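Asker: Sharing a model prediction with you, sequence too.
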Amino acid sequence: MSKVYTIAVLVGSLRKESINRKVALALAELAPANLKLNIVEIGDLPLYNEDIDAGSPPAAYSTFRQQVSSSDAVLFVTPEYNRSVPAPLKNAIDVGSRPYGQSAWSGKPGAIISVSPGAIGGFGANHHLRQSLVFLDVPCMQQPEAYLGGAGSVFDEGGKVSEKTKPFLQAFIDAYGKWVEKQTA
């Protein structure tokens, strides 16, 4: 039996009915047998502040770092805010990268799917996030790139991934499963 890899999934949108969260859940359902996707919540993380991190960090910081550290890989599902990633996602990246020299991200294979109602599918956020991942030593899957525009039509009236979108998501998550396996071998 092949290894099952635990994937920390970070969703950039905090909205209760977030399309990004729905896409993350859809990817978890479509994931190949070698991936187990777990959403790691970022909404309750205090803004990163080295003063409150010194000595005895907030419990939310410690829990988040442990969840990312214990995962085999990371997957980012994010909208685009002002041509970049949403503030909660950037904050989570900062929290996970500290204390210096103890980054929870280092060496974990990553991938990004940006989801947006706009036509360009969060291109700016996707590429801006890639810049941070280079510094964090997260090898990021290059192909297939995943920009999901027109996100209002991703789900049908019953809340299921539309037949038009499902092959795209399936191809992405299958490629990611192979990428994780190759990077961790």
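Answerer: Yep, it's here.

Asker: And stretch 135-152, what's buried?
Answerer: L136, V138, P139, C140, M141, E145, A146, Y147, L148, G149, A151 (16 or more other Cβ atoms under 10 Å). C-beta here means a position set from N, CA and C on the backbone, and glycine is covered the same way.

Asker: List the residues that contact the fifth one.
Answerer: In other words, M141. P109, G110, A111, A175, Y176, W179 (Cβ atoms under 8 Å, 6 or more residues apart in numbering).

Asker: How confident was the prediction at it?
Answerer: On the pLDDT scale, M141 is placed at 97.

Asker: Need the three-state assignment for the spatially most central residue of the chain.
Answerer: Closest residue to the average C-alpha location of the chain: F76 at 1.5 Å, with Cα atoms, centre = their mean. Assigned by DSSP: H, G, I helix; E, B strand; the rest coil, the conformation of F76 is strand.

Asker: Would you confirm that it contacts S13?
Answerer: No - contact criterion Cβ atoms under 8 Å: F76 and S13 do not qualify, at 11.5 Å.

Asker: Could you list the low-confidence segments of the protein?
Answerer: The model of the chain has pLDDT under 70 over residues 1.

Asker: all helices of the protein, in order?
Answerer: 19-30, 50-53, 59-69, 87-96, 123-135, 166-184 (DSSP state H).

Asker: can you list the buried residues of stretch 135-152 in a markdown table and add distance to L37?
Answerer: As requested, the buried residues of stretch 135-152 are exported to a markdown table (distance: Cβ to Cβ, whole Å):
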| residue | distance to L37 |
| --- | --- |
| L136 | 20 |
| V138 | 17 |
| P139 | 18 |
| C140 | 17 |
| M141 | 15 |
| E145 | 19 |
| A146 | 15 |
| Y147 | 20 |
| L148 | 16 |
| G149 | 22 |
| A151 | 19 |
